[in-house]
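Visitor: no letters, just coordinates:
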């Protein structure tokens with residue numbers, strides 16, 4: 001028998017808690033939370049996040065990534081935040097699976113990959129989806145026997161999340177067959193006119209003005225880059241305006257009419273990303289999706305729901321890039 005002493009870092013690497021660069025593995029963090037939800041069911045959000053952090057701390061791994069991975073699981077539809085009294089809880093979702101082409105499927109919810117339906121191994125540590133081989137009726141029947149219902153990407157996708165933002169803003173229910181993306185933008189423009197606050201000409205504002213398809217850039221960059229501009233032409237633009245402190249930026253719509261500038265602060269960054277897509281549909285030019293063989297590359301930041309949809313339809317290969325099978329579901333056709 002050989003006894004070997006391992007450091008915490010070595011243990012974390014051996015268990016897959018970190019990637020080859022020693023960074024926290026989002027895939028491992030997602031599995032910590034899946035396993036806990038499978039055992040606990042409905043549980044306090046703070047307990048679930050603490051469990052994932054405790055696992056990482058055992059390997060001396062940074063825990064800053066945990067909340068972001070949790071949000072990705074919510075976007076995938078594997079769990080949902082619910083209010084119980086005055087505390088946030090997490091509820092596991094109904095077990096489902098979505099075919100993603102190429103004989104693969106993504107499992108959602110509290111279901112372990114059956115041995116008869118092998119899990120795809122050796123994926124990028126930033127890929128949090130559980131991918132399994134589903135080839136033929138036998139594999140599909142195995143998943144059904146485990147309580148997992150098959151759904152299409154279209155069924156998974158609806159209702160589109162911008163409808164929740166529209167309903168919160170109007171106080172009324174919103175339906176996709178009555179409120180398309182272009183109409184959502186029109187309502188936001190009306191809200192800027194009705195509720196936007198006049199801002200000082202010297203207020204620091206950065207808006208997406210440049211043409212779609214090029215380098216997008218960051219609004220927080222030290223200097224103006226990519227599609228961002230601080231000298232805004234007339235119109236209504238998706239922007240960020242500086243709040244209190246150097247690192248505080250508020251997602252906003254900025255209306256410019258000569259010297260008159262008005263700002264409508266949006267609920268969060270996700271509503272801002274939906275607004276950017278909606279503006280491209282209503283005003284143009286449309287945002288650009290590039291496809292080169294099996295690889296798809298988007299050129300603007302996706303709302304959380306659409307990023308999750310791409311994570312289901314394809315395997316992430318880089319920032320804003322996915323590899324899709326020839327028979328993968330076409331997300332962008334579903335949005336038309």
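Guide: Structure received. What you see is a predicted model; the values in this text were computed from it and never measured. Residues are numbered from 1 along each chain as shown.

Visitor: where along the chain do the helices fall?
Guide: 8-14, 26-40, 45-58, 66-76, 137-145, 153-157, 162-170, 181-195, 269-282, 304-313, 331-334 (DSSP state H).

Visitor: export the ones you listed as a markdown table, with columns for distance to residue 98, mean pLDDT and mean neighbour count.
Guide: Every residue, glycine included, has its C-beta placed from N, CA and C. Conversion of the helices of the chain to a markdown table gives the following (distance: least, CB to CB, whole Å; pLDDT from 0 to 100; neighbours: other CB atoms under 10 Å):
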| stretch | distance to residue 98 | mean pLDDT | mean neighbour count |
| --- | --- | --- | --- |
| helix 8-14 | 31 | 74 | 15 |
| helix 26-40 | 16 | 94 | 19 |
| helix 45-58 | 24 | 96 | 17 |
| helix 66-76 | 10 | 97 | 19 |
| helix 137-145 | 11 | 89 | 15 |
| helix 153-157 | 6 | 96 | 17 |
| helix 162-170 | 21 | 92 | 18 |
| helix 181-195 | 23 | 96 | 16 |
| helix 269-282 | 21 | 98 | 22 |
| helix 304-313 | 5 | 97 | 22 |
| helix 331-334 | 12 | 91 | 15 |
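
Visitor: distance to residue 214 for those - can I get that in TSV?
Guide: TSV is the format used below for these (distance: least, CB to CB, whole Å):
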stretch	distance to residue 214
helix 8-14	38
helix 26-40	28
helix 45-58	37
helix 66-76	26
helix 137-145	42
helix 153-157	28
helix 162-170	24
helix 181-195	22
helix 269-282	14
helix 304-313	20
helix 331-334	19
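
Visitor: which one of the ones you listed lies closest to residue 229?
Guide: In terms of CB to CB, the element of those nearest to residue 229 is helix 269-282, at 14.1 Å.

Visitor: and that closest one, what does it pack onto?
Guide: Packed against helix 269-282 by the contact rule (3 or more CB pairs under 8 Å, 6 or more residues apart in numbering; DSSP states H and E) you find helix 162-170, helix 181-195, strand 235-242, strand 249-257, helix 304-313.

Visitor: columns distance to residue 16 on top of these, output as JSON lines?
Guide: As requested, those are exported to JSON lines (distance: least, CB to CB, whole Å):
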{"stretch": "helix 162-170", "distance to residue 16": "35"}
{"stretch": "helix 181-195", "distance to residue 16": "39"}
{"stretch": "strand 235-242", "distance to residue 16": "36"}
{"stretch": "strand 249-257", "distance to residue 16": "35"}
{"stretch": "helix 304-313", "distance to residue 16": "19"}
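
Visitor: residue 95 is nearest to which of the ones you listed?
Guide: helix 304-313 (14.8 Å).

Visitor: centre of the chain versus the closest one, how much separation?
Guide: In this view, helix 304-313 has its centroid 7 Å away from the chain centroid, taken as CA atoms, centre = their mean, to the nearest Å.

Visitor: residue 147: which of the helices and strands packed on helix 269-282 is closest?
Guide: Counting by CB to CB, residue 147 lies closest to helix 304-313 out of the helices and strands packed on helix 269-282; the figure is 19.3 Å.

Visitor: ok, and what's touching that closest one?
Guide: Under the criterion CB atoms under 8 Å, 6 or more residues apart in numbering, residues 71-72, 74-77, 98, 100-101, 106, 127-129, 153, 156-157, 160-161, 270, 273, 277, 296, 298, 302, 316, 322, 324, 328-331 lie in contact with helix 304-313.

Visitor: just want the angle from that helix to helix 66-76.
Guide: Per axes from the mean of the first three to the mean of the last three CA atoms, to 10 degrees, the angle that helix 304-313 makes with helix 66-76 is 80 degrees.

Visitor: next, the angle helix 162-170 makes with helix 304-313.
Guide: Helix 304-313 and helix 162-170 are oriented at 170 degrees to each other (the same axes, to 10 degrees).

Visitor: quick one: buried residues of stretch 311-331?
Guide: Across stretch 311-331, burial judged by 16 or more other CB atoms under 10 Å covers 311-317, 320-322, 324-325, 328-331.

Visitor: now stretch 90-97: mean pLDDT?
Guide: For stretch 90-97, mean pLDDT rounds to 96.
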